[in-house]
Every structure is written in C-alpha cells, then in structure tokens.
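Enquirer: Structure here, sequence nowhere to be found:
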C-alpha cells in the first residue's frame, strides 16, 4: 500500500505541479481517506459484536440476587437498603421493617426492587 501511495503522489506532483504545502495537503488527505476506508473494512466485525458480558457496566443489573439489609422501614412500599457499604433507594412488595434481610430482585432507574429474604 505504501508503494501505491508513493506512486500516486509522484504521478500527481509530476502532472499537476503540486509541490510544497499544496502537494503535502492533498497527499495527507488522500492517505487519511484511504486509511479510514481500509480500517472500517478491516475492523467491521469488531464494531457490532455482541458482548459476552451484557451487564459489565450495569452495576444495578449485577446486583440482582445479592442480599442486603433494610436500613429504614418501607413506608408506602419504598425505603432504603444497605448492600455492601452503599445505601440504595429500594421498593418492596410487602411490609419490610428496618433490619430485615432483603434480596434484590431487579432494578429500575436507580431504584432497587427487593423482597424479604
């Protein structure tokens, strides 16, 4: 590819008299476009590959199944739970008192869904 680019450059400069910065600019533009096209073709399979770890950057999804402890009584179905060293907002499907053990069943918009364990 380097030989092709060099040949194109020499031919362009000879036929158009593009020396100096004009020639360098046109050469740079040609090479940049060639690299973009070839790179997109070569690495096409890497861009749309399905992830082998769908929850890699989704902390809440990774917490499903973990156990925690209610830090407040759930008033109206919502309260706070401590999982590890972090306190999270949570929603429960029944009466949950402060100190009860809970299991995380899901998450929605930063709020954990829990049930008594």
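Expert: Received it, and whenever you're ready, just let me know what you need. Everything numeric here is computed off the predicted structure, so don't read it as measured data.
Enquirer: Strands of the protein, residue ranges please.
Expert: Applying DSSP state E to the chain gives strands spanning 67-70, 78-83, 86-92, 101-108, 111-116.
Enquirer: and of those strands, who's closest to residue 32?
Expert: strand 101-108 (44.1 Å; Cβ to Cβ). To be clear about C-beta, it is placed using only N, CA and C from the backbone, and glycine gets the same treatment.
Enquirer: neighbours around the residue nearest to residue 96 when sequence neighbours are not counted, how many?
Expert: Among residues not flanking residue 96 along the chain, residue 74 sits closest, at 4.2 Å (Cβ to Cβ, 6 or more residues apart in numbering). Using other Cβ atoms under 10 Å, the number of residues around residue 74 comes to 23.
Enquirer: show me what contacts residue 74?
Expert: By Cβ atoms under 8 Å, 6 or more residues apart in numbering, residue 74 lies in contact with 90, 91, 92, 95, 96, 97.
Enquirer: so who does residue 69 touch?
Expert: 81, 82, 99, 100, 101, 102.
Enquirer: Buried residues in the helix ranked longest in the chain, which are they?
Expert: Longest helix in the chain by number of residues, with DSSP state H as the criterion: helix 20-42. Applying a neighbour-count criterion of 16 or more other Cβ atoms under 10 Å, one finds residue 27 buried in helix 20-42.
Enquirer: related to what we said a few turns ago, now list the buried members of the contacts of residue 74.
Expert: Among the contacts of residue 74, the ones that count as buried (16+ other Cβ under 10 Å) are 90, 91, 92, 96.
Enquirer: Determine which two of the contacts of residue 74 are furthest apart.
Expert: That would be 91 and 97, which, of those, are the farthest apart (Cβ to Cβ) at 15.2 Å.
Enquirer: quick one, domains of this protein?
Expert: 2-47, 59-116 (automatic domain parsing).
Enquirer: tell me which helix or strand of the chain sits lowest on mean pLDDT?
Expert: Lowest mean confidence among the helices and strands of the chain (mean pLDDT, DSSP states H and E): helix 2-16, at a mean of 61.
Enquirer: where does this structure have low pLDDT?
Expert: Low-confidence regions of the chain, defined by pLDDT under 70, span residues 1-18.
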